[in-house]
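Engineer: I'd like to go over a predicted model; first the sequence, then the structure.
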Amino acid sequence: MSELLTIVRLMISQKKDVILSVVFGYIAGIAAVGLFAANGYLISRAALEPPLYVLITMVAVVKIGSFIRAISRYAERYYSHRATFTMLSELRVYFYEKVEQHAPSLFHKYRSGDLLARIVGDVESLQHLFLRVFYPPIIMITVFVSTILFVSFYSMKIVVLLVVGLALTGLIIPAWFAKKQKKVSNRLREERASLSTEVTEWFYGFRELKIHQKLEDKEQQLVNASNQYIFEQQREGTQGNVNQATNVAIALVISWAVLAMGAFLVAHGNLDGVFLAMLVMVSLTVFEHSTPMAVFPIHYEDSERAAKRLNAVIESEDEEQEQVQTKEITSGPPTVKLNEVSFSFPNDDRNILSDVNVVLPAGSKTAIVGPSGSGKSTLLQLLLKLYPATAGEISLSGVPVTHIDQENLWQKTNVVLQENHFFFGTIKDNLLLQTDNWSDDELQQVLDAVQLKGFSLKDTVLEKGQNLSGGEKQRLAMARALVKNASFWILDEPTSSLDSWTEQQIYELLYRQAKNDTVVLVSHRLAGLERMDQIIVMDQGKIVESGTFNDLIKMKGYFYKLKQVEKSILLS
Ligand SMILES: Nc1ncnc2c1ncn2[C@@H]1O[C@H](COP(=O)(O)OP(=O)(O)OP(=O)(O)O)[C@@H](O)[C@H]1O
């Protein structure tokens with residue numbers, strides 16, 4: 001139940017719609033009972049040939065009753081669905097914001113398909129929480145209590161029958177079904193997550209699967225997962241129908257019992273025969289509210305499980321991250337300090353960074369070089385606060401990153417990573433992800449500056465930039481960083497796919513554009529680093545050398561050897 005609290009809180013924020021749905025649901029329910037009661041009475045009275053005005057009045061009451069019932073039923077549906085859909089959209093945004101905060105470390109625990117299943121399927125399941133779990137029992141109980149009060153004027157014995165019927169159809173039988181339902185619902189949710197995971201993998205890996213001729217195998221796995229999901233859906237549907245049919249049958253038995261009891265009472269002179277049909281009609285109508293309770297356990301179970309799966313993602317991460325009050329960093333190029341920083345990835349014992357100490361003064365240009373796997377990109381990820389340092393402290397302009405608001409940090413940083421994502425749309429859409437204060441002419445100039453002269457702003461970019469070459473993607477990412485116009489640059493091999501001439505042009509542009517900014521650049525190639533204020537050489541997560549280009553060459557250490565190797569490759 002505690003899992004549902006977050007959702008109930010969101011539901012309560014739609015207070016007005018929730019109250020209106022309950023009120024109109026009650027009016028519709030009680031109008032239906034009144035309407036059928038009046039019908040029953042009308043039929044009986046008509047047989048006794050009453051004066052015409054009595055019949056006319058009764059017919060008018062029936063007409064008004066059906067009118068009120070129709071209007072209130074419509075209003076109930078309208079407000080309950082509006083509350084539900086608003087709640088769902090708020091819940092999806094709430095969950096998405098949580099996932100966004102913890103995004104990189106979440107992928108260590110959950111596969112993306114599973115996360116997708118949660119954000120789409122599990123949030124969707126919660127639509128039943130209000131529509132089928134929260135307010136139908138309130139309406140059922142209030143309509144029953146009012147009906148029982150009404151019936152008590154005629155016969156307490158029939159009241160007892162109705163109470164027994166309510167207990168059976170609204171409580172005992174649904175509780176019994178709930179037990180049976182648990183297993184079926186669990187399996188259904190697991191199958192849905194597994195299907196979603198398989199589909200995402202198939203999409204991501206389509207090209208590789210095709211090249212390695214494994215497409216058919218994967219498709220077969222997909223079909224199996226889909227069949228399994230359909231099978232579990234059918235099973236849940238069948239179970240729901242059986243539950244509902246059983247409850248309807250029991251409600252009918254109770255109405256038969258009301259008829260028998262009524263007939264007995266009339267025969268013994270304890271009830272006026274004119275009310276018999278009315279009481280039977282009341283019984284038939286009032287159970288309309290309790291028979292759907294047969295599927296209550298399905299929806300309750302479904303909502304609780306879905307809430308549990310959503311909370312599992314959010315809470316584990318919230319617990320891990322110490323809650324600190326974050327603040328914004330000042331504008332302008334920051335001074336970056338790493339003090340005894342060590343780092344291991346979640347659920348991995350390997351020390352990826354060990355005791356890293358470095359100072360990057362405001363406005364300085366720093367290159368990080370070193371063999372593959374030495375921890376260069378990881379260091380950048382820590383600067384971007386994508387992961388917290390396991391030990392030590394990282395600060396920007398004197399403020400520890402743990403105290404800096406993540407959004408604010410990203411807003412003030414120009415980032416080009418090894419892999420950059422591009423969205424389906426135009427070049428212009430992809431350039432203006434964060435800002436729209438650029439005119440088309442200015443944007444075209446930026447494209448020209450990054451040597452993308454052949455492209456226009458209207459050119460289409462396919463999903464993930466599939467219609468761009470590796471080098472074009474890197475230049476477009478660089479253009480995007482230029483457009484962002486922040487004064488802290490984090491660049492992870494931004495030119496690795498470019499030819500030497502284009503790389504040189506991009507470096508020239510960078511030095512010009514980021515003249516007063518703080519720049520951290522990871523690079524495999526050593527050419528072009530002569531103008532850097534500082535070069536840091538990393539190996540196995542440690543800083544092994546640092547200094548200017550000339551210092552490191554004179555030192556004749558690791559950097560010097562790397563430079564010699566690069567020269568010999570160029571000469572051979
Ligand atoms: N998400 C991750 N989870 C666990 N280990 C990781 C993760 N990302 C990287 N690593 C490990 O961390 C180490 C450092 O990786 P990193 O990407 O920082 O190296 P790098 O110096 O940037 O390498 P390259 O030059 O090849 O990009 C590697 O051994 C890698 O296997």
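Structural biologist: It's in.
Engineer: Output the contacting helices and strands for the helix or strand that Leu509 is a member of.
Structural biologist: Secondary structure from DSSP states H and E places Leu509 in helix 500-513. Using 3 or more C-beta pairs under 8 Å, 6 or more residues apart in numbering; DSSP states H and E as the contact test, the elements touching helix 500-513 are helix 470-484. (C-beta placed from N, C-alpha, C; glycine too.)
Engineer: Just checking: what are the partner strands of whatever helix or strand comes next after the helix it packs on?
Structural biologist: As assigned by DSSP H and E, the chain's next helix or strand after helix 470-484 is strand 488-492. When sheet partners are counted by DSSP bridges, strand 488-492 sits next to strand 413-416 (parallel), strand 518-522 (parallel).
Engineer: Quick check: buried residues in strand 488-492?
Structural biologist: In terms of neighbour count (16 or more other C-beta atoms under 10 Å), strand 488-492 has its buried residues at 488-492.
Engineer: Which among the strands paired with strand 488-492 is found nearest to the ligand?
Structural biologist: strand 518-522 (6.4 Å; C-beta to the nearest ligand atom).
Engineer: By mean pLDDT, point me to the weakest helix or strand of this structure.
Structural biologist: helix 103-109 (a mean of 68; mean pLDDT, DSSP states H and E).
Engineer: For the strands paired with strand 488-492, could you give me a markdown table that also reports mean neighbour count?
Structural biologist: Converted to a markdown table, these look like this (neighbours: other C-beta atoms under 10 Å):
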| stretch | mean neighbour count |
| --- | --- |
| strand 413-416 | 22 |
| strand 518-522 | 24 |
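Engineer: Could I get these in CSV, plus columns for mean pLDDT and distance to the ligand?
Structural biologist: Shown next, in CSV, are the strands paired with strand 488-492 (pLDDT from 0 to 100; distance: least, C-beta to the nearest ligand atom, whole Å):
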stretch, mean pLDDT, distance to the ligand
strand 413-416, 90, 14
strand 518-522, 94, 6
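Engineer: Kindly reformat those strands as JSON lines containing distance to Pro136.
Structural biologist: Below are the strands paired with strand 488-492 laid out as JSON lines (distance: least, C-beta to C-beta, whole Å):
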{"stretch": "strand 413-416", "distance to Pro136": "50"}
{"stretch": "strand 518-522", "distance to Pro136": "58"}
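Engineer: after the least confident helix or strand of the chain, next one along is what?
Structural biologist: helix 112-117.
Engineer: Buried residues in that next one, which are they?
Structural biologist: Buried residues in helix 112-117 (16+ other C-beta under 10 Å): 113-117.
Engineer: give the contact list for the residue positioned nearest the centre of the chain.
Structural biologist: Centroid-nearest residue in the chain: Ile119, 3.1 Å away (criterion: C-alpha atoms, centre = their mean). Contacts of Ile119 were listed using C-beta atoms under 8 Å, 6 or more residues apart in numbering, and they are 92, 95-96, 99.
Engineer: Using PyMOL, define a selection of the buried residues within those residues.
Structural biologist: Only the buried entries of the contacts of Ile119 go into this PyMOL selection, using 16+ other C-beta under 10 Å:
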select buried, resi 95+99
